[in-house]
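>>> sequence plus the predicted model coming up.
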Amino acid sequence: MSVNRERLNQLHIEQCAQALMRNGFTVHTAQDQAQLFSLIHELIADHDVVRDGGSMTLMQSGLLTELTKRDIDFQTHNDSSLSREQSDALARSAFSADVFLTSANAITMQGEIINVDGHGNRVSAMIFGPKKVIVIAGVNKIVSDEAQAKARIAAIAAPCNALRLHKETPCVHRGICMNCHSEDRICSSYVKLNYDKEKRIHVILVHQNYGY
C-alpha cells in the first residue's frame, strides 16, 4: 500500500471514529493485528461467555484462533462440525452472553453501522441482549454514506458471502444483488445502528482490509 493511500485511510478512520463517538459508540483504533488482539484481550475478561455473529473479518484477522488461548466460554456457531440445531442453539445463546463479537457490512462517515442479515441472529444480537458488543471493521468497510453502504453490500458483501456459503442465488451468477426471492437469500434484514444510548457497543476500526 502506498504512503499516500495509508495517510488517506488514516484520515478516513479518524473522521469515522469521531462520527461514531458523536453517536454514542465507544471507539478504538488498531493499526495491525497485534494492536487488534491487544484491544480484544482488554475488552474480554477471563471466564466471560463470548459468542460471535459469523464473520469473515473474525476469521481473516485470526481472532477466532486467538480466542482459543483465553480462559473463556467461546465456540463459534459457524463451526462446520455442528448440526443445524446445535448451531442455532449457540446463536441463540448470544443473547445472554457477556460479549458478542461481529463485524459490519459498512460503516458510514456519519457514524452509522449498517448490516444486512439472512437469519437475523447477528443484527438482533447487536441491537439487544449481550452485555457488550464488539464490532471489528477494517478500513475497507468505511463508506461515505448510507447510499454507498447499500451499493457496497449489493456489489461486494452479498455476492461474496453467497459464494462463500455455496448459495444458489442470482448474485452468485450475476455478481451483484438482484433483490431476489430465493430460498437461499442471505439478505433478508436490513439494520442501521444510529446511536448507542446504552454504551454497550464498542467499535474497533482497523487499519487493514478485513472481510467482505
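Thanks, I have it.

>>> contacting residues for the nearest residue to Asp88 once chain neighbours are set aside?
What sits nearest to Asp88 in space, not counting adjacent residues and going by CB to CB, 6 or more residues apart in numbering, is His77, at 7.6 Å. C-beta: built from backbone N, CA, C; applies to glycine. Counting by CB atoms under 8 Å, 6 or more residues apart in numbering, His77 touches Arg51, Asp52, Gly54, Ser87, Asp88, Leu90, Ala91, Ala94, Asn121.

>>> same thing but at 10 Å, please
51-54, 86-94, 121 (CB atoms under 10 Å, 6 or more residues apart in numbering).

>>> now, which of those lie within helices?
Among the contacts of His77, the residues falling in helices (DSSP state H) are Gln86, Ser87, Asp88, Ala89, Leu90, Ala91, Arg92, Ser93, Asn121.

>>> take those and lay them out in TSV including pLDDT, neighbour count and distance to Glu42.
What follows is the ones in helices among the contacts of His77, written out as TSV (pLDDT from 0 to 100; neighbours: other CB atoms under 10 Å; distance: CB to CB, whole Å):
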residue	pLDDT	neighbour count	distance to Glu42
Gln86	88	13	31
Ser87	86	18	29
Asp88	88	14	31
Ala89	89	12	29
Leu90	88	19	25
Ala91	88	22	26
Arg92	93	15	28
Ser93	93	17	24
Asn121	91	22	26
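
>>> for Thr65, state which of those residues is nearest.
Thr65 has its nearest neighbour among the ones in helices among the contacts of His77 in Leu90, at 17.9 Å by CB to CB.

>>> in the lengthiest helix in the chain, which residues are buried?
As assigned by DSSP H, the longest helix anywhere in the chain is helix 3-22. Applying a neighbour-count criterion of 16 or more other CB atoms under 10 Å, the buried positions in helix 3-22 are Asn9, His12, Ile13, Cys16, Ala17, Ala19, Leu20.

>>> now swap in stretch 136-154 and tell me
136-143, 149-150, 152-154.

>>> span of that stretch from start to end?
20 Å (CA to CA, to the nearest Å).

>>> please renumber so the chain begins at 34
Done: numbering now begins at 34, and the last item shifts to stretch 169-187.

>>> same question for it, mean pLDDT?
When pLDDT is averaged over stretch 169-187, the result is 96.

>>> how about the helices in the chain?
Per DSSP H, the chain carries helices over the ranges 36-55, 66-76, 89-94, 96-100, 117-126, 154-160, 179-185, 191-197, 203-207.

>>> closest one to Thr141 among the ones you listed?
Per CB to CB, nearest to Thr141 of these: helix 179-185, 5.8 Å.

>>> now for the closest one, which elements pack on it?
strand 139-141, strand 146-150, strand 175-176, strand 222-226 (3 or more CB pairs under 10 Å, 6 or more residues apart in numbering; DSSP states H and E).
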